[in-house]
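J.: Sequence first, predicted model second:
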Amino acid sequence: MRLHKNQNMQNNQLFLSLTGLPLFLSLGMLSGCQSGDSLRSKAPNILFIMSDDHAWQAVSAYQERLSKIAPTPNIDRIASQGMRFDRCLVTNSISGPSRAVILTGKYSHLNGFISNERDDFDSTQRTFPGILKASGYQTALVGKWHLGSQPVGFDYWDILPGQGDYYNPDFINSQGRYREHGYVTDIITRKAIEWLKNGREKGKPFLLMVHHKAPHREWLPGPKYLERFKGVQFPEPPTLFDDYSGRGSAAILQDMTIATTMRLDADLKMWTDTSASVYKNTIGRMDRDQLDLWNKTYKPLTDAFLSANLTGDDLIRWKYQRYLYDYLACIQSVDESVGALLDYLKESGLDKNTVVIYTSDQGFYLGEHGWFDKRFMYEESYRTPLLVAWPGVTKPGSVSKEMVSNLDFAETFLEIAGISVPGDMQGMSMVPLLRGNPVSWRKEHYYHYYEYPGVHNVRRHYGISTSRYKLIHFYYDIDEWEMYDLEKDPHELKNVYHDSSYADVRKILHHKLDSIMQRFGDSEDLARSFLPAAK
């Protein structure tokens, strides 16, 4: 069912009754915020780049298993010029809800957008772009929105409908829907630079959100990178053949394995039937030149696969290699885009007063546990990349290991702009960390995933993570608790919830979980009121 505005207001009222915070003010009544007239003329510009499903393991600045074989040198430039965050955690590992959390600085149960596709985001509620706009910033959004409703709080927006398409994509702006020719990452980059050059009022600070579709499924690389990884053998994760024997039912019942869920045709481009609707909506969007170039690369791969007649573990290994080939090639275009944006900032002199942020809407599985996709509170999908460069403020090449979150983005952007953070936002500004100042930071982080029944069959769950331990409750359809010792078991292979040697830790984590749920106005009863089982 859809969450209507009155339900969203009820959720806000519940939170306010628990916290004692004042009622939130309307967009035009920003208590404590600077007016446009009083905004400092030297307020920093903000360039916020976000990709979709970009695993932190696939950003070479993190120096993981793919860093040398599939480097991202331009994204790494942000890390070298600023700060790399080693544990940025999301509150709900799914695209639309993550975006809603980023915009509002509030958990899903309060901003009203808890699941993809079933809801429209209530864009009339207070968001950080709207606050910046009301305070004198120029605000622009180019690329993926994926929130159903039209954007509010932007001077300029030009977005992809829904998930968007890789080749010859449609866009929607204030005038309506239209189609562009070319590759989506290149088009988004061109639109962003064009707005920087000619679309904004010079001399006024700006927020520019450049949000890419890539590398979202079905992972169609751009023409320039179709053969980028030809002949490359990607290292396998140690848990590629995980049998889930150390976990509970949720890990077994999911439907996101490379072995059985990943499609040979739509996902891995081994098309033998070109009449399928997925083909028509992906490859079928290409013009003749694009298709010829595509077939030049993929037809030999298809022929070789069909002749190999692979089965069992050999087939899984082949599927993993094909998946990484396409996924990482999509990221090459994103990295090129970041480079083009950074180069333009430098050429135009904007680099001296522009904060650059790179992140993804959540993490992603690259074969770990035999999976692709996200959703779980396990580390690969729970953690997302975050790199921030703030010239003259953030020490180049610095690293933070604090538990920051997408819940903190709105508060951080507002403080960067010198604007007071509304009291009903639930995150923490990362500005003290970016400045290198000593600060008392969160010791635990709360997570809640709702999208079940749904794609990939991941059960609803909530939990808490500290720097060492993680406690998770799968509460719908199954009623199971899991606990992990991340220090001893970084791959989260052994559930120690019922291990008597962890009894004291379990008790402490339960207490922390109860406390943080109360603080954020969440509960199982509230969770069960959302999204009843599909008919």
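T.: Great, that's in hand.

J.: Which pLDDT value belongs to Gly148?
T.: You'll see Gly148 listed with a pLDDT of 89.

J.: Phe530 versus that one, what's the distance?
T.: Using Cβ to Cβ, to the nearest Å, Gly148 is found at 16 Å from Phe530. For glycine as for every other residue, the C-beta is placed from the backbone atoms N, C-alpha and C.

J.: and if you look at Trp294?
T.: The gap separating Trp294 from Phe530 is 41 Å, by Cβ to Cβ.

J.: what do you get for Phe372?
T.: Distance from Phe372 to Phe530, by Cβ to Cβ: 26 Å.

J.: what's the answer for Gly423, then?
T.: 25 Å.

J.: what about those two, which has more around it?
T.: Shown here are Gly423 and Phe530; by other Cβ atoms under 10 Å, Phe530 has more neighbours (19 against 12).

J.: per-residue pLDDT, that one?
T.: Taking Phe530 on its own, its pLDDT is 79.

J.: so which helix or strand takes in the residue of the chain most remote from its centre?
T.: Centroid-distance maximum for the chain: Ser307 at 38.0 Å, with Cα atoms, centre = their mean. Under the criterion of DSSP states H and E, Ser307 resides in helix 288-308.

J.: Which SSE is immediately downstream of that helix?
T.: Downstream of helix 288-308, the next assigned helix or strand under DSSP H and E is helix 312-348.

J.: so how far is that next one from its chain's centroid?
T.: 16 Å (Cα atoms, centre = their mean, to the nearest Å).

J.: just stretch 501-517 next, same as before
T.: Its chain's average C-alpha position is 28 Å from that of stretch 501-517, according to Cα atoms, centre = their mean.

J.: Identify each buried residue in it, please.
T.: 502, 505-506, 509, 512-513, 516-517 (16 or more other Cβ atoms under 10 Å).

J.: Just flag the most distant two among those.
T.: Using Cβ to Cβ, the buried residues of stretch 501-517 span at most 21.0 Å, a distance reached by Tyr502 and Met517.

J.: if we can go back for a sec, and the residue farthest from the centre of the chain, what's its pLDDT?
T.: 95.

J.: And Asp273, by the same measure?
T.: 86.

J.: wait, what's in contact with it?
T.: Each residue near Asp273 by Cβ atoms under 8 Å, 6 or more residues apart in numbering is listed here: 265, 279.

J.: where does it land in three-state SS?
T.: Secondary structure, DSSP: H, G, I helix; E, B strand; the rest coil: Asp273 is coil.

J.: what are the phi and psi values for it?
T.: Main-chain dihedrals, Asp273, degrees, to the nearest 10: phi -130, psi 100.

J.: you'd agree Arg177 is in a strand?
T.: Yes - assigned with three-state DSSP, Arg177 falls within a strand.

J.: Okay, and the beta partners of it?
T.: Per DSSP bridges, the residues bridged to Arg177 are Ile172.

J.: any idea of the angle the helix holding Ser307 forms with helix 312-348?
T.: Interaxial angle, helix 288-308 versus helix 312-348 (axes from the mean of the first three to the mean of the last three Cα atoms, to 10 degrees): 150 degrees.

J.: The most centrally placed residue in the chain: what's its closest spatial neighbour, skipping adjacent residues?
T.: Nearest to the mean C-alpha position of the chain, by Cα atoms, centre = their mean, lies Asp361 at 0.9 Å. Excluding its sequence neighbours, the residue lying closest to Asp361 (Cβ to Cβ, 6 or more residues apart in numbering) is Ser98, at 4.3 Å.

J.: dump the residue contacts of the one you found.
T.: Contacts of Ser98 (Cβ under 8 Å, 6+ apart): 90-92, 361-362, 406.

J.: Would you report the backbone torsion angles of it?
T.: Ser98 adopts backbone torsions of phi -60, psi -40, taken as degrees, to the nearest 10.

J.: What pLDDT is listed against Arg190?
T.: On pLDDT, Arg190 comes in at 98.

J.: any idea which element it lies in?
T.: helix 184-194.

J.: Not counting that helix itself, show me its contacts.
T.: With contacts defined as Cβ under 8 Å, 6+ apart, helix 184-194 is touched by 140, 142-143, 158, 160, 164-167, 169, 171, 180, 208, 210-214, 222, 330, 333-334, 336-337, 340-341, 344.

J.: The closest residue to Leu493 other than its chain neighbours: neighbouring residues, count only.
T.: Nearest residue to Leu493 in three dimensions, chain neighbours excluded: Gly246, at 4.7 Å (Cβ to Cβ, 6+ apart). As a burial measure, Gly246 scores 16 neighbours (other Cβ under 10 Å).

J.: what's the distance between Gly246 and Tyr449?
T.: According to Cβ to Cβ, Gly246 stands 21 Å off from Tyr449.

J.: Counting neighbours, what do you get for Pro300?
T.: Pro300 - counted by other Cβ under 10 Å - has 11 other residues nearby.

J.: how near is it to Arg217?
T.: 23 Å.

J.: What of Asp155?
T.: As judged by Cβ to Cβ, Asp155 and Arg217 stand 32 Å apart.

J.: same question, Leu526
T.: Counting by Cβ to Cβ - Leu526 and Arg217 are separated by 31 Å.

J.: same question, Ala43
T.: When Ala43 is compared with Arg217 (using Cβ to Cβ), they lie 38 Å apart.

J.: And Ile102, by the same measure?
T.: From Ile102 across to Arg217, the span is 21 Å (Cβ to Cβ).

J.: contacting residues around Ala389?
T.: Taking Cβ under 8 Å, 6+ apart, we find Ala389 in contact with 77-79, 81-83, 355-356, 396.

J.: let's see it at 7 Å
T.: 78, 81-82, 356 (Cβ atoms under 7 Å, 6 or more residues apart in numbering).

J.: Arg468 too?
T.: Arg468 touches 485-487, counting by Cβ under 7 Å, 6+ apart.

J.: Would you mind putting these into CSV with secondary structure, pLDDT and distance to Pro453 alongside?
T.: As requested, the contacts of Arg468 are exported to CSV (DSSP: H, G, I helix; E, B strand; the rest coil; pLDDT from 0 to 100; distance: Cβ to Cβ, whole Å):
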residue, secondary structure, pLDDT, distance to Pro453
Asp485, strand, 98, 31
Leu486, coil, 98, 30
Glu487, coil, 98, 35
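
J.: before we move on, the earlier item: of the contacts of Ser98, which pair is most distant in space?
T.: Thr91 and Asp361 (11.4 Å).

J.: Over stretch 311-321, what's the mean pLDDT, rounded is fine.
T.: If you average the pLDDT over stretch 311-321, you get 98.

J.: can you give me the offset of it from its chain's centre?
T.: 28 Å.

J.: What are the buried residues along it?
T.: Buried-residue list, stretch 311-321, by 16+ other Cβ under 10 Å: 315-321.

J.: And for stretch 66-78?
T.: Residues of stretch 66-78 classed as buried: 66-67, 70, 72, 74-78 (neighbour count, 16+ other Cβ under 10 Å).

J.: got it, and stretch 246-263?
T.: By neighbour count on 16+ other Cβ under 10 Å, the buried set for stretch 246-263 is 246-248, 250-251, 254, 256-258, 261-262.

J.: This completes my enquiry, with thanks.
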